[in-house]
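A.B. asks: here's my sequence, what's the structure:
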Amino acid sequence: MNAQYLLRTLPALAALACGLPPAAHALTDTEALSMVYEDPAPNSFGRPTQQGAPAPVQYPRGCRIHVRKVEDLRRNTETVGGPIFMMPGPAGVPVNGASLLSGDGLKWTTGALPSLKASGVQTEASAAAAGERSVEVALRLAQAWTSGLNMHSYVMLQATVPTRDGEVTKRYHGFGTKLNFANGNAEYMATLNLGMADALKAYAADLRSACEGRLVAASP
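C.D. replies: A predicted model of the protein is given here:
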């Protein structure tokens, strides 16, 4: 077996060792992720990090939040991570990898904000009148990657919270994990949505506290 043949076959061998079909690699060199937000449905294969039975939604009285600005402030808006396939063994030698091309991060973030309603926060994409609460939300980081038979994601949002002592800016971190069935673009997008949902859950908790006049803890 010559060295050139080995280099050609290592990626397929690594995929088989991980339980994946050799042709399952996402075609990220030519196809960007859709960056469409869909609420993750908790199940045995993928769920937000913060788990638990959903409680009945109770809206704080008069808690309507106007979103005055949404931004994509990622340093790298071209990619959102990528899979790396490792040769089994203690050395952990990478044998194949790819970049996940990013679609429209602004569209993704904007589309995710209405999901705050499920946590008891009503948002309006309009300017706030005098005395009404408004916020700004920015996407700072979005990454997805593989580890073993799983996909993982990390999403960081930077957002303002209109507290009783004035507006504060905080960062919210979300994580997602799901089983890697076929290593496809749609699966990476679903994993990123898990991370986004996790970050928004923490943001919703602070917005509810602000609406109820309770103290909002500062970022560490």
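
A.B. asks: for Trp108, give its distance to Leu157.
C.D. replies: Relative to Leu157, Trp108 is positioned 11 Å away (Cβ to Cβ, to the nearest Å). All C-beta spots, glycine's among them, are computed from the backbone N, C-alpha and C.

A.B. asks: same check on Ala125?
C.D. replies: 17 Å.

A.B. asks: the more surrounded of these two?
C.D. replies: The neighbour comparison of Ala125 against Leu157 (other Cβ atoms under 10 Å) goes to Leu157, with 25 against 11.

A.B. asks: which ones are touching the more buried one?
C.D. replies: Thr109, Val137, Ala138, Leu139, Arg140, Arg171, Tyr172, Gly174, Met196, Ala199, Leu200, Tyr203 (Cβ atoms under 8 Å, 6 or more residues apart in numbering).

A.B. asks: and with 7 Å instead?
C.D. replies: By Cβ atoms under 7 Å, 6 or more residues apart in numbering, the residues touching Leu157 are Val137, Ala138, Leu139, Arg140, Arg171, Tyr172, Ala199, Tyr203.

A.B. asks: would you agree the fourth one is in contact with Ala159?
C.D. replies: In other words, Arg140. No - judged on Cβ atoms under 7 Å, Arg140 makes no contact with Ala159 at a distance of 9.8 Å.

A.B. asks: most neighbours, which of the contacts of Leu157?
C.D. replies: Ala199 (26 neighbours).

A.B. asks: wasn't that one part of a strand?
C.D. replies: No - looking at Ala199 with DSSP: H, G, I helix; E, B strand; the rest coil, it is helix, so not inside a strand.

A.B. asks: leaving out sequence neighbours, find the closest residue to it.
C.D. replies: Counting by Cβ to Cβ, 6 or more residues apart in numbering, Ala199 lies nearest to Gly174, which is 3.0 Å off, once chain neighbours are set aside.

A.B. asks: what's around the closest residue to Asn180 other than its chain neighbours, how many residues?
C.D. replies: Take Asn180 and drop its neighbours on the chain: the residue closest to it by Cβ to Cβ, 6+ apart is Met151, 4.8 Å away. Using other Cβ under 10 Å, the number of residues around Met151 comes to 26.

A.B. asks: circling back: let's see which of the contacts of Leu157 end up in helices.
C.D. replies: In this view, the contacts of Leu157 that belong to helices under DSSP state H are Ala199, Tyr203.

A.B. asks: closest one of the contacts of Leu157 to Ala218?
C.D. replies: Of all the contacts of Leu157, Arg171 has the smallest distance to Ala218: 10.8 Å, by Cβ to Cβ.

A.B. asks: I'd like the distance between the closest one and Gly82.
C.D. replies: With Cβ to Cβ as the criterion, Arg171 and Gly82 are 23 Å apart.

A.B. asks: kindly report the same for Ser209.
C.D. replies: In terms of Cβ to Cβ, Ser209 sits 37 Å off from Gly82.

A.B. asks: wasn't Tyr146 part of a helix?
C.D. replies: I think there's a mix-up here, since residue 146 is Thr and not Tyr. No - under three-state DSSP, Thr146 sits outside any helix and is assigned strand.
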